Structures are given as C-alpha cells and as structure tokens.
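Chemist: only the shape, not the letters, is given here:
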C-alpha cells in the first residue's frame, strides 16, 4: 500500500540532527543568519513553531481586547485558539474553492471598526494572489499576516512584501522538514525586536527531547515504504486498530495538556542547526518532482473543480485534496486499490462569531467536510498515479447540492443586509 505521506527528510539529515543533539549549546558553532540565505526583504525570527511565532507576534502587538482578526476560513484549530487567548475575536472569511483564497466581497462584508488584522493562509501547497487583499488591508489600515506553513518552496520566496509578517513551518510533515521550527519574516524592525526580547525569556527546548523526536520520525520514515506500510496496515486491521487515527495522531503537533506552556519555548541549538541546513541545502528538484506528480494526477483526474485550491499558482502540491461525495466509501475504495487516503484531523473550518451567524463560511464548510487527501509525492511512479486516478475519478464530487447552494445564497443576502459587517464603516 502506498502511504498517504512521505516525510521530506533524508537519513543523512536525520543523522546530522541527532549528532548535533550530543553537542552542548555552548559548544555549537555559530550559525549564519537564515535571512542571509535568501532574498529576504526584512529580518527573521527563528521560533519553535508557527504557533509559537504567531503567539509571540500577537503578544508583541498588544492589540486592544475585543479586536477582530479576519481569518481564512480553513486553518488549524490552534491558530484561532491563540487569537482567543489574546482576548481577540477570530472572524471567518469564506474561501473561493478554486484557489482557497479569501473571497474579497465577504472580506469587505466582515470588516468592522473593530477589525485590526487579517490572517491569510496559503493552503495545500498553493500560493494565492495576495495583491487585492494587501490593497484592502492598506486602504483600511489593517495588519496583514501570512500563514505560509503549507506553502514553503525554498528561500527564494519568503512572503509578500506588503505583509507585516510571513510565517513558514518546518514541522514534521512540511516541505524540507526539520521536524520542528519555524521562520517568521517580520518587516517592522521594532516589532521584531519586541518579539525577540519576549522569546529570550522563554525556557529552551531540551536537546534530548529533540533527539527523541528525531528517533520517532526516523521510525515513521522507516515504515513508510510501500511493503512495510501495507503490512502494518493489515496487521492493525487484524487487531481492530484504527490506523488512520493512529497515523494522524502520531504526527500531530502539541497534542495534550499545557498547550501554551509547550509552545512558549525557544528552539534548541540542534533544531536551529538542522533548520539552517534544510534551508541552505533546499532540494528544488524534489519540490519540482512533487509538483509535477500533482499536475499529472490533476490531469488524469480531469476534475479540476473537485480539487480545492488547484487554480492557485504557483502550486507545489504539498498535499493533494479531492472533494468526493462519500469520503468513507472513497477511502475504502482507494485502500482496496492499494492507496492510503485520509480525511485528516488538523484542519478545521472556523466558526463565525456567535452574534454574526451570517458570516458562517458555508461554501468552505461544504467543501471541507467532503475532502480527502490522496498520496502524491515524487516516489509515486507514473503507473501508480494512473491507477490512483482511475480508482478515484468516478467518486469525485461535482457541483454543490441544491440545498447547499440555497443556504449559501441566503447567507450572502444576510451579509449584504447587515450594516455592521460593511467594510465602508471602517
């Protein structure tokens, strides 16, 4: 069985990270500034994760309690959790399924005098056109923040110049992973200095904890080969173990209690060294091969409208989402064909504020509840991609059902008729 995902790190990189864990921090060689490795327009903060960097950013900004942050309707739950922790209100913005970009009209309708910032997520490996959103943010004096966790494509792109901050993840399942860590490009030197000072007060991540993390993901990498993974899935099924929940839980970041204690740490020297190595030695050819595999699969499916975000360019196909009418049946059919697909557990659709139900992102909600993620990576040969497409194409969803379209239309009417949600009131 073809695994749903391959961890994007070599055995040599894993060995490098492990060796660095045995070197005390005071004996580590000084690292070159990661900002110097690419055409960065500003300076960077190296943090434990995107969650950590975003939490530092909101702490340093000190936005007034009750301020609203317009958020791409699809994100990880922890991002809205961090917004709420700072006394702010996340407001979901409907997405265009073709590009997964925030809908400009809904952006205008959602903005109020309480709006202070916009958090835009580039999803699934695609990069949305940020220009119209940047123009809107500038016009209304809103802070623009980019979540580029799923869109890292090497040091040549470090965010849109109009963004106040652009966040890139090197988490375990991300492109060029360092099994953790993040880069936050901050274009305000004073803000960056405040964030750096705040992080300097944090305790440091333990190097032995990072070594255990390396061992864990080395094990996951070892079992992701086709024959081993297939054997394990069959074994789990024989004992009644839900392998989907097990795999998703194994790669989930910061699960369990004490979330804010765990994200408020400095990255250890070994993690910083591995992250610097991954940026400096970025494998552009592997990225190109993954993007090519995604384009071949897209062409073979012939169902571009059923692939959320497929129209965003450039696109590296970090994951390959497909909207199907019956996700459990589609996943089962793919398993019979030898492919491990999943609905995932990390991404959520942001709920609207209690007093503004008209902002419920119904289009996005309908899309995401039917999305599954297909295997798509350079190790997948053309013959396997063709078999994958043949197995899933008959199950791909077409247009939204009439009740969904009617509900969406009602929501749009409510938005248009609600004075407080009109952007012109800013």
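Modeler: Sure thing, it's come through. Here the structure is a predicted model, which means the values were calculated and not measured. Numbers count the residues shown, from 1 in each chain.
Chemist: only C-alpha atoms for contact and neighbour calcs from this point on.
Modeler: Fine.
Chemist: what about the strands in the protein?
Modeler: 43-47, 68-72, 74-76, 89-93, 95-96, 101-102, 115-121, 143-147, 165-169, 182-186, 320-323, 347-349, 371-374 (DSSP state E).
Chemist: between those, which one is nearest to residue 223?
Modeler: Closest of those to residue 223 is strand 371-374, at 18.2 Å (criterion: CA to CA).
Chemist: show me what the longest helix along the chain packs onto, helices and strands only.
Modeler: If you go by DSSP state H, the chain has its longest helix at helix 284-301. For helix 284-301, the elements it packs on are helix 382-392, judged by 3 or more CA pairs under 8 Å, 6 or more residues apart in numbering; DSSP states H and E.
Chemist: which other residues reach the helix it packs on?
Modeler: Defining contact as CA atoms under 8 Å, 6 or more residues apart in numbering, one finds that helix 382-392 is touched by 293, 296, 297, 300, 301, 330, 333, 334, 337, 339.
Chemist: okay, now the last one: neighbour count?
Modeler: Taking other CA atoms under 10 Å as the neighbour definition, residue 339 ends up with a count of 23.
Chemist: separation between it and residue 233?
Modeler: Distance from residue 339 to residue 233, counting by CA to CA, to the nearest Å: 11 Å.
Chemist: now do the shared contacts for those two.
Modeler: Residues touching both residue 339 and residue 233 (CA under 8 Å, 6+ apart): there are none.
Chemist: centre-most residue in this structure?
Modeler: Central residue check for the chain by CA atoms, centre = their mean: the C-alpha nearest the mean position is that of residue 150, 4.0 Å away.
Chemist: any idea of the pLDDT on it?
Modeler: Residue 150 is assigned a predicted lDDT (pLDDT) of 95.
Chemist: pretty sure it is touching residue 174, no?
Modeler: Yes: between residue 150 and residue 174 a contact is recorded at 6.7 Å, counting by CA atoms under 8 Å.
Chemist: what is in contact with these two at once?
Modeler: residue 318.
Chemist: quick one, phi psi at residue 343?
Modeler: phi -90, psi -10 (degrees, to the nearest 10).
Chemist: wait, residue 221 touches residue 5, no?
Modeler: No: checked against CA under 8 Å, the pair residue 221 and residue 5 is beyond contact range at 9.7 Å.
Chemist: picking that back up, nearest residue to the residue nearest to the centre of the chain in space, please, no chain neighbours.
Modeler: With CA to CA, 6 or more residues apart in numbering as the measure, residue 125 is the residue that lies nearest to residue 150, at 5.3 Å, once sequence neighbours are left out.
Chemist: so the one you found sits against residue 319, correct?
Modeler: Yes: Residue 125 lies in contact with residue 319 (CA under 8 Å); the separation is 6.7 Å.
Chemist: can you list the contacts of helix 382-392 in CSV and add pLDDT and distance to residue 244?
Modeler: Below are the contacts of helix 382-392 laid out as CSV (pLDDT from 0 to 100; distance: CA to CA, whole Å):
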residue, pLDDT, distance to residue 244
293, 93, 24
296, 92, 26
297, 92, 23
300, 88, 26
301, 87, 24
330, 93, 14
333, 93, 15
334, 94, 13
337, 93, 17
339, 94, 13
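Chemist: and stretch 214-234, how far apart are its ends?
Modeler: For stretch 214-234, the first and last residues are 26 Å from each other (CA to CA).
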